[in-house]
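I'll drop the sequence and a predicted model, then ask my questions.
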Amino acid sequence: MKKFRSLKNQNSQSGMAILMVLFFVTMIFFLASEVAYESTVEYEFSYADYRQLKAYQGAKSAVELSMFRIMLFKQAQAQFGSQIPDKSMLDLVWNFPLMWPPQLPEDASLVSKDDLKSVMEDSLQDTNWMATISAEGAKIDLNDLDSPSEALRKSVQKQIEQLIKNRLDQEDDWARDNRNLVPEEIVAHMVDYVDKNDESLIGGGESSYYRESSLDSSLPPNRMFRTMDELYLIPGMDSVLYEYLSPNLSLYGIRAINVNAASTEVLKSIDPQITDELAKEIKNRINNPEEGPFADDKDFESFISRDVDINSFNPDKIPLVFNEEAAFRIEVTSEYKSYVSSITAITYDIDQITKSLETTLVTEANEKQANNNTNNTNNNNTNNTKANNQNNSQNNNQTNNNQNSKNTAKQEKPRLVFWQEN
Ligand SMILES: [Ca+2]
């Protein structure tokens with residue numbers, strides 16, 4: 001009986017042990033599957049992060065490469081600019097779009113294809129990207145509405161007015177919907193937005209035009225535009241006008257217009273004498289490989305003189321430049337396993353732009369001085385000669401300065417003034 005009881009005890013103990021083992025095994029399976037699930041989820045998440053990061057790093061390296069191309073262009077311009085008959089040849093260093101992996105034309109030789117293959121095999125770059133560089137100086141700088149140069153201030157004002165007038169002429173439906181729109185008034189609000197005073201150009205206090213806006217107490221801010229979207233705050237602005245204006249405007253202009261890179265709309269805004277047809281001819285001439293971009297203002301004027309009265313051309317004295325691009329917009333889109341990253345960056349040659357503005361201001365001061373001299377006329381010819389001599393020597397100094405700056409090779413990386421990631 002005692003033996004039977006101990007056997008029964010033994011049985012129940014081993015039953016308990018089996019239960020315990022089963023319990024632990026189940027627990028371990030449960031924990032293991034949980035951990036496995038957690039790690040799969042974490043792996044998926046980190047793999048997604050990894051792919052996004054790869055796409056982003058691809059975009060960043062494409063921006064670096066684009067900045068390197070701009071630096072090479074500046075160096076080549078400083079070193080060989082004066083020796084090359086056609087300076088625009090150097091533009092090829094920056095202006096063709098670059099993509100990775102590189103695409104060879106169909107008829108490329110087998111050797112080039114093999115070379116490319118071996119380069120790609122050696123490369124650590126496994127993202128696909130496309131990088132374009134465009135001339136930011138081909139756009140009208142909105143912040144020049146408050147430029148220290150009166151000529152530049154007035155000319156930019158006139159240019160934006162002309163842009164809006166051209167739009168009204170071209171788009172009948174839009175003009176019908178906006179028949180009360182006065183281009184001069186909208187541009188006056190833009191000037192009020194940036195100039196330091198509180199008196200509107202079209203009369204009354206500036207803030208009275210912002211009464212309906214919920215931000216009225218702080219508007220206009222009397223400072224430079226910080227983002228293009230601030231244009232939406234301007235009274236009279238709508239999305240149609242914004243979409244039309246913004247591609248032709250910039251916040252990082254070069255205090256002049258680069259004619260060789262300007263859009264049709266910007267060309268037409270220089271002078272109403274430039275029609276759609278003439279703007280098209282100008283673009284054709286620039287893109288024609290046999291003739292190429294305009295070398296200087298003489299070349300440009302002789303080309304347009306067939307259709308335009310040169311004596312009355314560019315009445316607002318908009319500073320025009322031809323081979324002096326100093327601000328570049330870099331746009332990059334990179335892709336890695338369906339993850340996409342885009343970066344827009346703008347580089348700015350502050351020295352060159354400062355010099356360009358300085359030249360405009362000196363010319364303006366000289367012209368004012370010359371006008372004063374003419375008004376004071378003949379009774380003091382000696383003074384006139386003296387003043388003219390002074391002006392000439394100032395001009396000479398200016399020219400020397402410009403030449404010195406051209407001779408100094410730009411070794412440093414271009415300066416970034418704008419960076420946007422998407
Ligand atoms: Ca103001």
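Great, that's in hand.

what does this protein put close to the ion?
Residues of the chain lying near the ion by C-beta under 5 Å from the ion: 192, 195, 222. To be clear about C-beta, it is placed using only N, CA and C from the backbone, and glycine gets the same treatment.

grab the nearest non-local neighbour of Glu161.
Pro183 (4.5 Å; C-beta to C-beta, 6 or more residues apart in numbering).

same deal with Met67?
Setting aside the residues directly before and after it, Met67 is nearest to Pro414 in space (C-beta to C-beta, 6+ apart), at 5.3 Å.

what's the local residue count around Ser217?
The criterion is other C-beta atoms under 10 Å. On that basis, Ser217 has 8 neighbouring residues.

ugh, wrong one, I meant Val332
By the other C-beta under 10 Å criterion, the neighbourhood of Val332 contains 24 residues.

so what's it up against?
If you count contacts by C-beta atoms under 8 Å, 6 or more residues apart in numbering, Val332 has them with 59, 62-63, 66, 129-132, 342-345.

re the thing from before, need the phi and psi values for the residue nearest to Glu161.
Reported as degrees, to the nearest 10, the phi and psi values for Pro183 are phi -50, psi -40.

tell me which element the spatially closest residue to Arg69 that is not a sequence neighbour falls in.
In space, not counting the residues next to it along the chain, Arg69 is nearest to Trp94; the distance is 5.1 Å by C-beta to C-beta, 6+ apart. Following DSSP states H and E, one finds Trp94 within helix 92-95.

and that helix, what does it pack against?
For helix 92-95, the packing partners by 3 or more C-beta pairs under 8 Å, 6 or more residues apart in numbering; DSSP states H and E come out as helix 2-80, strand 128-135.

buried sites along that helix?
Neighbour counts using 16 or more other C-beta atoms under 10 Å place 93-95 of helix 92-95 among the buried residues.

next, format those as TSV and append pLDDT.
What follows is these, written out as TSV (pLDDT from 0 to 100):
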residue	pLDDT
Val93	84
Trp94	86
Asn95	84
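
which single one of the residues you listed is nearest to Ser39?
Trp94 (47.3 Å; C-beta to C-beta).

residue contacts, that closest one?
Under the criterion of C-beta under 8 Å, 6+ apart, the contact list for Trp94 reads 66, 69-70, 73, 133, 328.

rerun at 7 Å
Going by C-beta atoms under 7 Å, 6 or more residues apart in numbering, Trp94 touches 69-70, 73, 133, 328.

ok, so of those residues, who is nearest the ion?
Within the contacts of Trp94, proximity to the ion (C-beta to the ion) peaks at Phe328, which comes in at 31.0 Å.

what's the burial count for the closest one?
Neighbour count of Phe328, defined by other C-beta under 10 Å: 24.

just the angle between the helix or strand hosting it and strand 128-135, please?
When secondary structure is defined by DSSP H and E, Phe328 falls within strand 327-336. With axes from the mean of the first three to the mean of the last three C-alpha atoms, to 10 degrees as the criterion, the two stretches strand 327-336 and strand 128-135 enclose an angle of 170 degrees.

distance from the chain centre to the helix or strand just after strand 327-336, please.
Next in sequence after strand 327-336, counting helices and strands by DSSP H and E, comes strand 339-348. The offset between the C-alpha centroid of strand 339-348 and the centroid of the whole chain comes to 10 Å, using C-alpha atoms, centre = their mean, to the nearest Å.

strands of this structure, start to end?
98-100, 128-135, 140-141, 249-250, 257-258, 320-321, 327-336, 339-348, 415-421 (DSSP state E).

turn those into CSV, columns for mean pLDDT.
Converted to CSV, the strands of the chain look like this (pLDDT from 0 to 100):
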stretch, mean pLDDT
strand 98-100, 88
strand 128-135, 94
strand 140-141, 92
strand 249-250, 94
strand 257-258, 89
strand 320-321, 89
strand 327-336, 95
strand 339-348, 94
strand 415-421, 92
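
nearest residue to Asp195 other than its sequence neighbours?
Distances taken as C-beta to C-beta, 6+ apart put Asp146 closest to Asp195, at 5.2 Å, once the chain neighbours are dropped.

ok, that neighbour - contacts?
Contacts were defined as C-beta under 7 Å, 6+ apart; by that measure Asp146 touches 153, 194-195, 224.

what about the residues you listed, which one has the most neighbours?
Counting neighbours by other C-beta under 10 Å, Val194 comes out on top of those with 20 neighbours.

touching, that residue and Leu145? I think so.
Yes: between Val194 and Leu145 there is a contact at 5.1 Å, judged by C-beta atoms under 7 Å.

state the distance from the residue nearest to Arg69 to the ion.
Counting by C-beta to the ion, to the nearest Å, the separation of Trp94 from the ion is 37 Å.

that older thread, show me which of the contacts of Val332 are buried.
Buried positions within these, assessed by neighbour count (16+ other C-beta under 10 Å), are 59, 62-63, 66, 129-132, 342-343, 345.

farthest pair in these?
Farthest pair in the buried ones among the contacts of Val332 (C-beta to C-beta) is Met130 and Ala345. Separation: 14.6 Å.

list the contacts of the residue nearest to Tyr56 when sequence neighbours are not counted.
With C-beta to C-beta, 6+ apart as the criterion, Tyr56 has its nearest non-adjacent residue at 4.3 Å, and that residue is Ser341. With contact set as C-beta under 7 Å, 6+ apart, Ser341 has these partners: 55-56, 59, 334.

closest one to the ion out of the residues you listed, please.
Closest to the ion out of the contacts of Ser341 is Ala59 (38.7 Å), distances taken as C-beta to the ion.

how near is the nearest residue to the closest one once chain neighbours are set aside to Thr127?
In space, Ala59 comes closest to Ser334 once its chain neighbours are excluded; the distance is 3.8 Å by C-beta to C-beta, 6+ apart. Distance of Ser334 to Thr127, computed by C-beta to C-beta, to the nearest Å: 5 Å.

residues in a beta bridge with the residue nearest the centre of the chain, which ones?
Among the residues of the chain, Arg329 comes closest to the average C-alpha position under C-alpha atoms, centre = their mean, at 3.7 Å. With DSSP bridges applied, Arg329 shows beta-bridge pairing to Ser134, Ile346.
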